[in-house]
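A.B. asks: Build the 3D model from these lines:
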Amino acid sequence: MKWQPFASLSIDGRIINCNPGFCELMGYQREELIGLDWVRDLTPPEDREQALAVRARLRRTGEPLRYFEFLVRKNGRLVLVDRLVHQVCDLRGKAMYECSFVTVVSAGKSPETQDAPVWLEKVAKSLNISQVGIFSQQMKGVVSQAENYHRDRSIPVLIEGETGTGKEIIARIIHFGDGNEKTPFVAINCAAVSANLFESELFGYEAGTFTGGLPQGQKGKLDLARGGTLFLDEVADIPLELQGKLLRVLQEKEYYRVGGLRKIATDVRVICATNVNLHRKVSEGTFRQDLYYRLKVGYLALPPLRERREEVLPLARMFLAEFSQKKGKRFEWIGDGAAEILRQYHWPGNVREVRNVIEWAIFLHDDRELRPAHLGSLTKLISGVAGRPGYEVVQPEGTLELPTGGLPLEEFIDHIVVRTLTLHGGNKAETARCLGISRPCLYRRLKRLAGGCN
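C.D. replies: This next block holds a predicted model:
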């Protein structure tokens, strides 16, 4: 197999991964290349100043760059390459590492007149070079407001958005800001905690309160979050009888443990998230109006992914790079056919579904290019009754071949549960009914999965 040379670099410019094509080009074994500094170890001394300027520009603008440079092979000989480099960012747009695609410039032709190799043009098209970063302008405004909320932790914040739009990611931006925050961030999935346990989960309990409880009692999430942030995910599912106690904590900054007689002062910022219209819940009488307005001092609404489609491919590329590295696969870019499928799909599960689809494709397949065949199990949007959207699951042709390394059953079940939940818009009753399990069983599974993209 002929490999196109590829290498990924850490933020400080050291090689963290490369394919056989790059090893062959440079004359090194892979283990010799890992850890080398691209500028110091692979660039001629007279070109290093220019190489550092290119790296600085990439860091400053985030825009993919294509340029010509000399590299030093292991045997000391120079090779002129055509290099395309782009950053891989996290969901906040913060650079994690960079990817470099290179090809040798033919001898006898100057860089200015060298025809661009067909494969490089194809990669550039797949990368969609006109895109800068991951977030759309719409989401950049949300992130900017989240960073403003970070500066004043006295403000409680309510985040509304469909399931999978990234509510917990935004909550973490509010808490961590630029990443230097050292105070605790404690999350509770309110839908995954039964009503009879919710009070002790939140407030903790004193010794001897419960039969079977810990003899010394137990701290609650408010204790663990002291000085930091308590994140209440799916806040609409807090039992109505406990909403008044939460309101008192927000207003009085104090609480009692279950079975306790001593007031405990608290210093916690509260951030809440919900995938339902909380104002409608107030109108229906299932959520307290006074608590609603107390939580909504700060407010952020996350648009669904179908309203910010320009983020789909950058997100997919980010997850492709992340899971390829984690699972030791060869995937490097998204082909035109797969890119078109990803662009056209409706994404009812939003960012979480993009992540799941890419992770599942990488789990089952191993290739350099993500192709339509790798997305065979992707749920496709079709016309429904009376113009309403419906969904049809397209299965891969033939019999599914299990991975030779074995099939982790728990991971497989988790994937099915999350896919079913996203297809039912986060409705847990419908999800449990579809899966043929009880809601408590579903809640236990979701509680185990808590901590992912919300």
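A.B. asks: show me where the stretch 251-400 of the chain has strands.
C.D. replies: Taking DSSP state E, counting those that start in this stretch, the strands of the stretch 251-400 of the chain run over residues 254-255, 264-265, 269-274, 298-302, 333-334, 369-370, 379-383, 389-393.
A.B. asks: Among these, show the one with the smallest mean pLDDT.
C.D. replies: Among the strands of the stretch 251-400 of the chain, strand 379-383 carries the lowest mean pLDDT, a mean of 33.
A.B. asks: Dump stretch 358-373 to CSV, restricted to CA.
C.D. replies: The C-alpha coordinates for stretch 358-373 follow below in CSV (Å, rounded to 0.1, in the frame of the first residue of the first chain):
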residue,chain,number,x,y,z
ILE,A,358,-17.7,9.1,14.1
GLU,A,359,-16.7,7.0,17.0
TRP,A,360,-18.8,4.0,15.8
ALA,A,361,-17.4,4.3,12.3
ILE,A,362,-13.8,4.2,13.6
PHE,A,363,-14.6,1.4,16.0
LEU,A,364,-15.8,-0.8,13.1
HIS,A,365,-13.5,0.2,10.3
ASP,A,366,-9.8,1.1,9.7
ASP,A,367,-8.9,3.3,6.6
ARG,A,368,-7.1,6.5,5.8
GLU,A,369,-10.2,8.2,4.4
LEU,A,370,-13.7,8.2,5.9
ARG,A,371,-16.0,6.9,3.2
PRO,A,372,-19.8,6.6,2.8
ALA,A,373,-19.5,2.8,3.4
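A.B. asks: Now do that stretch: distance to the chain's middle.
C.D. replies: 18 Å (C-alpha atoms, centre = their mean, to the nearest Å).
A.B. asks: Please identify the buried residues of that stretch?
C.D. replies: 358, 359, 360, 361, 362, 363, 364, 365, 368, 369, 370, 371 (16 or more other C-beta atoms under 10 Å). For the C-beta atoms, the positions are set from N, CA and C on the backbone; glycine is no exception.
A.B. asks: could I get these as TSV with distance to residue 430?
C.D. replies: TSV is the format used below for these (distance: C-beta to C-beta, whole Å):
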residue	distance to residue 430
358	25
359	24
360	22
361	26
362	29
363	26
364	27
365	31
368	39
369	37
370	31
371	33
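A.B. asks: quick check, nearest of these to residue 184?
C.D. replies: residue 359 (28.4 Å; C-beta to C-beta).
A.B. asks: What's the local residue count around the residue lying closest to residue 264 once chain neighbours are set aside?
C.D. replies: Closest residue in space to residue 264, ignoring its immediate chain neighbours: residue 255 at 5.8 Å, by C-beta to C-beta, 6 or more residues apart in numbering. The number of residues packed near residue 255 is 21, by other C-beta atoms under 10 Å.
A.B. asks: any weak-confidence spans in the stretch 301-450 of the chain?
C.D. replies: Counting by pLDDT under 70, the stretch 301-450 of the chain contains low-confidence ranges at 376-408, 411, 422-426, 448-450.
A.B. asks: actually the stretch 101-250 of the chain, sorry about that
C.D. replies: 105-135, 178-179, 211-212.
A.B. asks: which residues in it form strands?
C.D. replies: So, for the stretch 101-250 of the chain - with DSSP E, counting those that start in this stretch - the strands run 157-161, 185-189, 204-205, 218-219, 229-233.
A.B. asks: and the residue lying closest to residue 223 once chain neighbours are set aside, how far is that from residue 33?
C.D. replies: With C-beta to C-beta, 6+ apart as the criterion, residue 223 has its nearest non-adjacent residue at 5.7 Å, and that residue is residue 204. Distance, residue 204 to residue 33, by C-beta to C-beta, to the nearest Å: 52 Å.
A.B. asks: Next: residue 359.
C.D. replies: Applying C-beta to C-beta to residue 359 and residue 33 gives a distance of 27 Å.
A.B. asks: again with residue 362
C.D. replies: 23 Å.
A.B. asks: for residue 430, same thing?
C.D. replies: 51 Å.
A.B. asks: neighbour-wise, which of the two wins?
C.D. replies: Taking other C-beta under 10 Å, residue 430 and residue 33 do not tie; residue 33 has more neighbours (22 against 14).
A.B. asks: in the stretch 101-250 of the chain, which spans are helices?
C.D. replies: 118-127, 137-150, 167-176, 195-203, 221-224, 240-252 (DSSP state H, counting those that start in this stretch).
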